[in-house]
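Peer 1: Let's see this in three dimensions:
(one chain, ligands or ions: 1)
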Amino acid sequence: MNPLAEFPSIGSMLPDSMRLFVRNEVDSTNDEIRRLALAGADDGTVVVADRQTAGRGRRGAAWVCPPGEALAFSLLVRPKEPRALWPRLALASGLAVAEALESHGVECGIKWPNDVWVCGKKICGVLVEAGSDFAIIGIGVNVNVAGFPEELNTSATSLLLETGVPADRAGVLASILRQLEVRRHQIDCGYDLLLDAVRSRCVLTGHRISLLAVDGPRLGFCEGIGAGGELLVSGPNGFERLLQADEVRIQDTRS
Ligand code: BTN
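Peer 2: Down below sits the predicted model:
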């Protein structure tokens, strides 16, 4: 059976504003959405693919989604909100995935800015990319991934591994898209609500963390998430509000 046969049937479960395109194979769903966007596709266009030949994560890393098991898709948004607020789509997306996966039986944390964690392991990655007048939200979820290569074994998990039960990938996609439709519109009005929901799931708060800030590495305590969605860190450099950081890791628990 075509592994994607179940996807077209979820049309009625999607928000009215969304239109789903199902592909067996693409280079990257983000690249496919970019091409559609440049050809004039509407806000709400979604591409889901069973296989990505050049799936990518943040910082140019490869993102591998086992066909038939993982979920890889991208959503085209043409935000009405000012461009300065678009970076908030990353927080909105991670939160939407966390909330959606909770309805499929797992408790999710958010590792700022937008990794979704279950029991200390990553279950989903989000890659938001901006174009001239659009943004692309690319999401990879380990839905029915039965196992990971040894180097990822301690850091990655899947819905299947956490619940012991295979999940319906199309149903998971529909849940995420419905939640995204709510959260993506809160990057301006409603941002406080969005932030409160992120804060309540933030796995970094109260922990000793290390990270790579724009101007170099940091080691400090995570004090939480500020009013603009920035990470609040206190350490040798004093109290800092970091809008951007890479390689964020928990080092310790605060004693
Ligand atoms: C990360 O955690 O580094 C982000 C991973 C994002 C992966 C998804 S899969 C769908 C979309 N297409 C891509 O090429 N990347 C994103």
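Peer 1: Per the annotation, how does the chain divide into domains?
Peer 2: If you go by automatic domain parsing, the domain ranges for the chain are 7-201, 207-253.
Peer 1: Would you map the helices across the stretch 101-250 of the chain?
Peer 2: Assigned helices in the stretch 101-250 of the chain, in chain order: 159-163, 169-183, 191-199 (criterion: DSSP state H, counting those that start in this stretch).
Peer 1: So what angle separates the directions of the longest one and helix 191-199?
Peer 2: The directions of helix 169-183 and helix 191-199 differ by 140 degrees, with axes from the mean of the first three to the mean of the last three C-alpha atoms, to 10 degrees as the criterion.
Peer 1: what does helix 169-183 rub up against?
Peer 2: For helix 169-183, contacts defined as C-beta atoms under 8 Å, 6 or more residues apart in numbering pick out 6-7, 9-10, 13-15, 17-18, 46, 48, 71, 73, 75, 92-93, 95-97, 99-101, 103-104, 137, 139, 141, 143-144, 159, 194. Heads up, the C-betas are built off the backbone N, CA and C, glycines and all.
Peer 1: Okay, and which of those residues map to strands?
Peer 2: Among these, the residues falling in strands (DSSP state E) are 46, 48, 71, 73, 75, 137, 139, 141.
Peer 1: which of these are buried?
Peer 2: Neighbour-count burial (16 or more other C-beta atoms under 10 Å) is assigned, among the ones in strands among the contacts of helix 169-183, to 46, 48, 71, 73, 75, 137, 139, 141.
Peer 1: Now those in CSV, please, with extra columns for distance to the ligand and pLDDT.
Peer 2: Shown next, in CSV, are those (distance: C-beta to the nearest ligand atom, whole Å; pLDDT from 0 to 100):
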residue, distance to the ligand, pLDDT
46, 11, 97
48, 9, 97
71, 8, 97
73, 6, 98
75, 10, 98
137, 9, 98
139, 6, 98
141, 8, 98
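Peer 1: May I see those residues arranged in JSON lines, with distance to residue 2 as well?
Peer 2: Output for those, formatted as JSON lines (distance: C-beta to C-beta, whole Å):
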{"residue": "46", "distance to residue 2": "18"}
{"residue": "48", "distance to residue 2": "13"}
{"residue": "71", "distance to residue 2": "16"}
{"residue": "73", "distance to residue 2": "17"}
{"residue": "75", "distance to residue 2": "23"}
{"residue": "137", "distance to residue 2": "26"}
{"residue": "139", "distance to residue 2": "22"}
{"residue": "141", "distance to residue 2": "20"}
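Peer 1: Nice, that's everything, thank you.
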